[in-house]
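Enquirer: Okay, predicted coordinates and the sequence, questions at the end:
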Amino acid sequence: LSEIESLLKFKKSLVIGRASALESWDRKNPPCKWIGVLCDKEYVWGLRLENIELSGSLNIEALMGLKSLRSLSFMNNKFRGPFPEFKKLGALKSIYLSNNQFDIKIPNDAFDGMGWLKKIYLEQNKFSGEIPMSMAKLPKLLELRLDGNRFTGQIPEFIHKPHMLNLSNNALAGPIPNILSTMDQTMFEGNQGLCGEPLEIKCYSPYNLSSEPKASSKTKSSKVLYIVAAVVASVLAILIILGLIIVLCRRRRNKQPLLSPEPGPSSLQKRAGIQESDKGQSSCHSHRAAKRMIHTTKLSFLRDDKGKFELQDLLKASAEILGSGCFGASYKTVLSNGSIMVVKRFKHMNNAGFEEFQEQITRIGRLNHDNLLPIVAYYYKKEEKLFVCDFIEKGSLAAHLHGHKSSGYPSLDWPTRLNIVKGVARGLLYLQKNLPSLMAPHGHLKSSNVLLSEKFDPIMTDYGLIPMINEESAQELMVAYKSPEYLKQSRVTNKTDVWGLGVLILEILTGKVPESFSQSDKESEADMANWVKSNFKGEWSKELFDQEMGKTNNCEAEILKLLKIGLSCCEVDVEKRLDIREVVEMLEDLTKEREGDDDFYSTYASEADGRSSRGVSSEGINLS
Ligand SMILES: Nc1ncnc2c1ncn2[C@@H]1O[C@H](COP(=O)(O)OP(=O)(O)OP(=O)(O)O)[C@@H](O)[C@H]1O
């Protein structure tokens, strides 16, 4: 078959959700002009069909006519069904199937004979069963992502250590093979049964016995022990479930409502139009129903340092609207115990079912970092989600940069701005390490989602939400999907948050609103970088930088360095863009020369007119 015939045959096996997505796949155009077909010297070397709601089957056999084919990407689609027969394409170097709906076991020999395969991305599907042995035996494997699936059993012995491996959030058990023991521990997190280095969980019998080749009698006894342990665990689990069901049924019989009777519309209720939930009318036939009932009628707490309060307390409290974003409005409410909380109401959040939602929110709830605002509690109902968190008095970075005159706060000075950038970068690095299953662990970084603490340290909100937001709304509303890689190649990568940070740096330095550069082709934030690039002549210029920054106090060299870091973060080519670890290091280096100069802030304070806290008044402007 010619390349055209092969591709058209392959297309026939696809069901295309977005009707016009493959319109260009037509005989009248050469295949190298077709959408998603990547060519090198007129030969097809890759297919990149991402984010176009593809389903149906992947007719790998049809692609055998493409002799130069090396890379296949079908990420972010709706494929399911049998595992594609990639091994028929022995010269493939990379396979991307992330974020699809595969819910099958991968045959053990699925990768046999794929001697050139370097990259396998299968994360965020529902693959089950054991990790295939043929995968662990690939001689050139460099990058492997299997996170966010349902793989079970032990990790096979890899014949060599991949550069990048992510097995987090599966159901793997047993000892981590020695060869992988020096990898980052986050790559194994979220697997209940794994033990050994790099996790801080010691392997006890039976797994520590089976980690090395053993005499057959030992293997047998470890198997027996394992079976006994599994039986005991199952019996215990059944007893706990039965106990829970009995407790819930008794509660119901005693007619103890989970929510007290509604006294009439309350303030938050009135303002937000929040409906009271089903009041637990469901029967308690199963544990699952019981569990769901709890979560549809009560607030679920992720932290307990705020004391417990009920949904009713929130609904009764007086509420003030803080603002409305793309996903809904945020309200400030004062509880009867005096705590001031913010309730954010989320629309467009039905991407994940109840269990997936809960998994993701639990992951977010485990995070703990000074530059991340924790979610205190949440309320789940199919059509409505509420997130509750602390009220941050000083409000958002956006308000301080673009509306400080009306907010009554002085404008932000240079050291404060630099401190904000550093904190945001550290927070992003932490997110990347701790939510490794997400391509863009923040995904929605913008100045209104950076709040400022009492000491003007940044506290980020609205992170980790991508898996929960409806796909179409995410593509329309979330910052990550406005990145050049999404607009040009329909992909979000693990450097997408870096691009968001770059835009934030440019916003902080220029005082310009990124959205004001919006064009009809929607490449708004990339245009802000272009604007800076075309106005930056490599040296200090009064026009480029925010006049509200006040005196720059001989820090021009540092400011210029930060601008260059910001521009490197906005590099359109993802490969050339810095990664977040590099950005953090560069930011730490930026002020190395004045390290140990504890007087920096105070000197600054004394020289900046009218500076209160860590801001300067606009009268102090003196950009030299
Ligand atoms: N915990 C909080 N404390 C103080 N102000 C907050 C808090 N959470 C949000 N805000 C502010 O409330 C306003 C509305 O926030 P909200 O998150 O609803 O929308 P947004 O950030 O403008 O957009 P998006 O919905 O895209 O995140 C913003 O100005 C935000 O900075």
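Expert: Yes, it's here. Because the structure is a prediction, the values reported are computed rather than measured. Numbering: from 1, shown residues only.
Enquirer: Identify the bridge partners of the residue nearest to residue 300 when sequence neighbours are not counted.
Expert: Leaving aside its chain neighbours, residue 300 sits nearest to residue 378 (5.6 Å; criterion: C-beta to C-beta, 6 or more residues apart in numbering). In short, each C-beta sits where N, CA and C put it, glycine included. Using DSSP bridges, the bridge partners assigned to residue 378 are residue 300, residue 387.
Enquirer: again with residue 153
Expert: Counting by DSSP bridges, residue 153 is bridged to residue 172.
Enquirer: does residue 322 count as helix, strand or coil?
Expert: strand (DSSP: H, G, I helix; E, B strand; the rest coil).
Enquirer: how many neighbours does the closest residue to it other than its chain neighbours have?
Expert: Leaving aside its sequence neighbours, residue 322 sits nearest to residue 330 (C-beta to C-beta, 6+ apart; 4.5 Å). Here the number of neighbours of residue 330 (other C-beta atoms under 10 Å) works out to 22.
Enquirer: Who are the contact partners of residue 133?
Expert: Residues near residue 133 by C-beta atoms under 8 Å, 6 or more residues apart in numbering: 108-109, 156.
Enquirer: what's the answer for residue 95, then?
Expert: 71-73, 86, 117, 119-122.
Enquirer: What number of residues are in the vicinity of the residue of the chain found nearest the ligand?
Expert: Here the chain gets closest to the ligand at one residue, residue 325, 2.1 Å apart by C-beta to the nearest ligand atom. Residue 325 has 16 neighbouring residues, counting by other C-beta under 10 Å.
Enquirer: thinking it is in contact with residue 448, fair?
Expert: Yes - using C-beta atoms under 8 Å as the test, residue 325 is close enough to residue 448 to be in contact (6.9 Å).
Enquirer: how close does the spatially closest residue to residue 117 that is not a sequence neighbour sit to residue 115?
Expert: Closest residue to residue 117 in three dimensions, ignoring its sequence neighbours and counting by C-beta to C-beta, 6+ apart: residue 138, at 5.3 Å. Residue 138 sits 8 Å away from residue 115, going by C-beta to C-beta, to the nearest Å.
Enquirer: Same check on residue 333?
Expert: Per C-beta to C-beta, residue 333 is found 61 Å from residue 115.
Enquirer: The two - which one has more neighbours?
Expert: Between residue 333 and residue 115, counting by other C-beta under 10 Å, residue 333 is the more crowded of the two (24 against 11).
Enquirer: helix/strand/coil for the more buried one?
Expert: Three-state call for residue 333 (three-state DSSP): strand.
Enquirer: Bridged to it, which residues?
Expert: Applying DSSP bridges, one finds that residue 333 bridges with residue 319, residue 341.
Enquirer: OK, contacts around it?
Expert: 267-268, 314, 317-320, 340-343.
Enquirer: Repeat that for residue 475.
Expert: So residue 475 contacts 51, 481, 486 (C-beta under 8 Å, 6+ apart).
Enquirer: can you count the residues close to the second one?
Expert: To tie it back to what came earlier, the one meant is residue 481. As a burial measure, residue 481 scores 24 neighbours (other C-beta under 10 Å).
Enquirer: For the chain, which residues are neighbours of the ligand?
Expert: By C-beta under 6 Å from any ligand atom, the residues of the chain that approach the ligand are 322-323, 325-327, 329-330, 342, 344, 389, 391-392, 395-396, 448-449, 451, 461-462.
Enquirer: among these, which are in helices?
Expert: Counting by DSSP state H, no part of the residues of the chain next to the ligand is found in helices.
Enquirer: Which of those residues are buried? Put it as a ChimeraX command.
Expert: Filtering the residues of the chain next to the ligand down to the buried ones (16 or more other C-beta atoms under 10 Å) takes a single ChimeraX command:
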select :322,325,327,329,330,342,344,389,391,392,395,396,448,449,451,461,462
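Enquirer: so what's residue 143 bridging to?
Expert: Beta-bridge partners for residue 143, by DSSP bridges, are residue 119, residue 164.
Enquirer: Check what pLDDT the residue nearest to the spatial centre of the chain gets.
Expert: For the chain, the residue nearest the mean C-alpha position is residue 441 (2.5 Å; C-alpha atoms, centre = their mean). With respect to pLDDT, residue 441 scores 93.
Enquirer: from memory it sits against residue 431, does it?
Expert: Yes - between residue 441 and residue 431 there is a contact under C-beta under 8 Å: 3.9 Å.
Enquirer: Pull up the overlap in contacts between the two.
Expert: Common neighbours of residue 441 and residue 431, counting by C-beta under 8 Å, 6+ apart, are 463-464, 497.
Enquirer: For these, pick the one with the most neighbours.
Expert: Going by other C-beta under 10 Å, residue 497 tops those with 33 neighbours.
Enquirer: how about the shared contacts of residue 441 and residue 431 in CSV, adding pLDDT?
Expert: Rendered in CSV, the data for the shared contacts of residue 441 and residue 431 read as follows (pLDDT from 0 to 100):
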residue, pLDDT
463, 96
464, 94
497, 96
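Enquirer: returning to what we had before: let me have the contacts of residue 133 in JSON lines, adding secondary structure as columns.
Expert: Putting the contacts of residue 133 into JSON lines (three-state DSSP) gives the following:
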{"residue": "108", "secondary structure": "coil"}
{"residue": "109", "secondary structure": "coil"}
{"residue": "156", "secondary structure": "coil"}
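Enquirer: Save those residues as CSV, and put in neighbour count, distance to residue 36 and pLDDT too.
Expert: Formatted as CSV, the contacts of residue 133 follow (neighbours: other C-beta atoms under 10 Å; distance: C-beta to C-beta, whole Å; pLDDT from 0 to 100):
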residue, neighbour count, distance to residue 36, pLDDT
108, 15, 31, 94
109, 11, 29, 94
156, 16, 33, 95
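Enquirer: and which of those residues is nearest residue 56?
Expert: Ranked by distance to residue 56 (C-beta to C-beta), these are led by residue 109 at 24.3 Å.
Enquirer: so the closest one makes contact with residue 135?
Expert: No - at 10.1 Å, residue 109 does not count as touching residue 135 under the criterion of C-beta under 8 Å.
Enquirer: Could you pull out the residues contacting both of the two?
Expert: By C-beta under 8 Å, 6+ apart, no residue touches both residue 109 and residue 135.
Enquirer: For residue 80, pull up the helix or strand it's in.
Expert: Using DSSP states H and E, residue 80 maps to neither a helix nor a strand.
Enquirer: Contacts only, for it.
Expert: Residues near residue 80 by C-beta under 8 Å, 6+ apart: 55, 100-104.
Enquirer: Sweet, I'm off.
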